[in-house]
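Chemist: Quick one, fold the following:
(one chain, ligands or ions: 1)
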Amino acid sequence: MTVQAHDQGPGPSPADAWNDPVPTAVVVLADGSVLYGQGIGATGHAVGEICFNTAMTGYQEILTDPSYAGQIITFTFPHVGNVGTNEEDIETANLAAASGVRGCILRAPVTGPSNWRATHHFNEWLKRRGIIGLTGIDTRALTAMIRDRGMPNAVIAHAPDGVFDLPALKAEAAAWPGLEGMDLVPDVTTAQSYVWDETPWEWGEGYGRLANPSLHIVAIDYGVKRNILRKFAGLGCKVTVVPATTEADRILEMAPDGVFLSNGPGDPAATGEYAVPVIRRLIDTGLPVFGICLGHQMLGLALGATTKKMHQGHHGANHPVKDHTTGKVEITSMNHGFAVDRESLPDNVEETHVSLFDGSNCGLRLKDRPVFSVQYHPEASPGPMDSHYLFTRFVDLIRERKGATAKVGS
Ligand SMILES: NC(=O)CC[C@H](N)C(=O)O
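Modeler: Next up is the predicted model:
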């Protein structure tokens, strides 16, 4: 489909959507309250936890981040969808998986795509990915409510004829058990191992291919994002992506130089049941290990810490994090609703990063091993201080260890 700048595309025109008296979509909270809006994207209904995301750009990346499985996102930025969508900015690595996010809640009606990279209207794209959305919601009020009371469970429903069975939707929202205790990794992890060799996007070039890898990393896929894998490939690493339940022996047979624990959805404690024993085994071998987000939380669990559910979580692209090792503050991208409890870190684990927003743990390091992790998305962090050094730090640890092993062997 070709689209023109300012083409309204399918769906209500902005003027109609603001004034249309007939709601075609609703959000029904677990407490029974109902928000009415105009439906976009897929029709039907879906249940999940509502969180707010404060990023001003990157809605396509956010809506394809598998870590949002089980969640409905309300964007605090009012204009979402206006630069359309393209085939390049998808973060989901496992395209066979169902879309992670359950729905999106927006302030303003979506205008036609105005961007040279756009290939599809946002409305069409949401439909194709099975994501239900609604516009015309007072997202400031909803966000203020979440800040006061925490992230609510809810049902989002879209029916073009405007007919809703509200009692049934209320009952479904109230009956949903919530994310605590929920392992959603099986929904998004890859079914089979594969090799990743695509490198980061560059002006005029697009994505590249890694020609001569010098290192081999195994990435355990709990819901991995493409740009994380591209970062490794860009640093000369061949990446073998393996399913979340892969045994440690199987990983060691692949002779990796290091192991990466990916981001992913759900409650880390639930996923940790099968992931933690594998991670412990890998650490015992002395291999360098690096974790991001869910990977960070599960590394924390493997090292003896505990995780807990947060009140409103961190979802956005402007979260200040202090790195104790450099003394610098980074502006980071984040998406998490659980956190490693900093009070629970054992003595042999050092806290390396802390959130300057609420003092929660954002990074750790095992003191006597090449093992570390962060709670944010270094590959997506904007701001004056570049977080990409964490990838380099991991690769440097691998090279150091390889050098040491080579010396011992020579
Ligand atoms: N981005 C992530 O990997 C999220 C981790 C975890 N599902 C959480 O919500 O805290």
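
Chemist: residues of the one helix or strand A173 maps to that come out buried?
Modeler: Using DSSP states H and E, A173 sits within helix 166-175. Using 16 or more other C-beta atoms under 10 Å as the test for burial, helix 166-175 gives L169, K170, E172, A173. (C-beta placed from N, C-alpha, C; glycine too.)

Chemist: which helices and strands sit right next to it?
Modeler: Packing partners of helix 166-175 (3 or more C-beta pairs under 8 Å, 6 or more residues apart in numbering; DSSP states H and E): strand 25-29, strand 44-53, strand 153-158.

Chemist: Of all those, which one is nearest the ligand?
Modeler: Set against the ligand and scored by C-beta to the nearest ligand atom, the helices and strands packed on helix 166-175 come closest in strand 44-53, at 8.7 Å.

Chemist: right, and the helix or strand after the closest one?
Modeler: helix 59-63.

Chemist: Distance from that following helix to the middle of the chain?
Modeler: Remark: helix 59-63 is offset 9 Å from the chain centroid, using C-alpha atoms, centre = their mean, to the nearest Å.

Chemist: picking up where we left off before, in TSV: the buried residues of helix 166-175, plus distance to the ligand and pLDDT.
Modeler: Listed next are these as TSV, based on distance: C-beta to the nearest ligand atom, whole Å; pLDDT from 0 to 100:
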residue	distance to the ligand	pLDDT
L169	25	98
K170	26	98
E172	22	98
A173	20	98
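
Chemist: Tell me the one of those residues nearest F77?
Modeler: A173 (25.3 Å; C-beta to C-beta).

Chemist: my read: the closest one touches V28, true?
Modeler: Yes - contact criterion C-beta atoms under 8 Å: A173 and V28 qualify, at 5.1 Å.

Chemist: any residues in contact with both of the two?
Modeler: Common neighbours of A173 and V28 (criterion: C-beta atoms under 8 Å, 6 or more residues apart in numbering): A154, V155.

Chemist: ok, the strand or helix carrying G39: who's next to it in the sheet?
Modeler: Assessed by DSSP H and E, G39 sits inside strand 34-41. Under the criterion DSSP bridges, strand 34-41 sits next to strand 25-29 (antiparallel), strand 132-135 (antiparallel) in its sheet.

Chemist: which parts of the stretch 201-350 of the chain sit against the ligand?
Modeler: With C-beta under 6 Å from any ligand atom as the criterion, the stretch 201-350 of the chain meets the ligand at residues N263, G264, P265, G266, P268, C293, L294, N335, H336, G337, F338.

Chemist: Which members of those residues are the farthest-apart pair?
Modeler: Using C-beta to C-beta, the two most remote members of those are P268 and N335, lying 13.4 Å apart.

Chemist: mind checking pLDDT for the residue of the stretch 201-350 of the chain found nearest the ligand?
Modeler: Closest contact between the stretch 201-350 of the chain and the ligand, by C-beta to the nearest ligand atom, is at C293 (2.8 Å). The model reports C293 with a pLDDT of 98.

Chemist: OK, contacts around it?
Modeler: Counted by C-beta under 8 Å, 6+ apart, C293 has contacts S67, S262, N263, G264, N335, H336, Q375, Y376, H377.

Chemist: what's near enough to touch the third one?
Modeler: Residues touching N263, when contacts are defined by C-beta under 8 Å, 6+ apart, comprise 65-67, 222-225, 228, 292-295, 335, 377.

Chemist: most neighbours, which of these?
Modeler: Counting neighbours by other C-beta atoms under 10 Å, L294 comes out on top of the contacts of N263 with 33 neighbours.

Chemist: wouldn't it be in contact with S262 here?
Modeler: Yes - taking C-beta under 8 Å as the definition, L294 is a contact partner of S262 at 7.0 Å.

Chemist: got any residues that touch both of the two?
Modeler: Shared contacts of L294 and S262, defined by C-beta under 8 Å, 6+ apart, comprise Y222, G223.

Chemist: Up against the ligand, what does the stretch 1-150 of the chain have?
Modeler: Neighbours of the ligand within the stretch 1-150 of the chain, by C-beta under 6 Å from any ligand atom: S67.

Chemist: Closest approach to the ligand from the stretch 1-150 of the chain, which residue is it?
Modeler: For the stretch 1-150 of the chain, C-beta to the nearest ligand atom, closest residue to the ligand: S67, 3.4 Å.

Chemist: Can you get me a residue count around the nearest residue to N153 once chain neighbours are set aside?
Modeler: Among residues not flanking N153 along the chain, A30 sits closest, at 4.3 Å (C-beta to C-beta, 6 or more residues apart in numbering). Using other C-beta under 10 Å, A30 is surrounded by 19 other residues.

Chemist: With R369 instead?
Modeler: That count, for R369 with other C-beta under 10 Å as the rule, works out to 17.

Chemist: Please apply the same query to the one 10 residues further on.
Modeler: Residues contacting E379 under the criterion other C-beta under 10 Å number 23.

Chemist: mind listing the strands for the stretch 51-200 of the chain?
Modeler: Applying DSSP state E, counting those that start in this stretch to the stretch 51-200 of the chain gives strands spanning 71-75, 103-105, 132-135, 153-158, 194-196, 198-202.

Chemist: averaging pLDDT over each of the ones you listed, which comes out lowest?
Modeler: Of all those, mean pLDDT reaches its minimum on strand 198-202 (a mean of 94).
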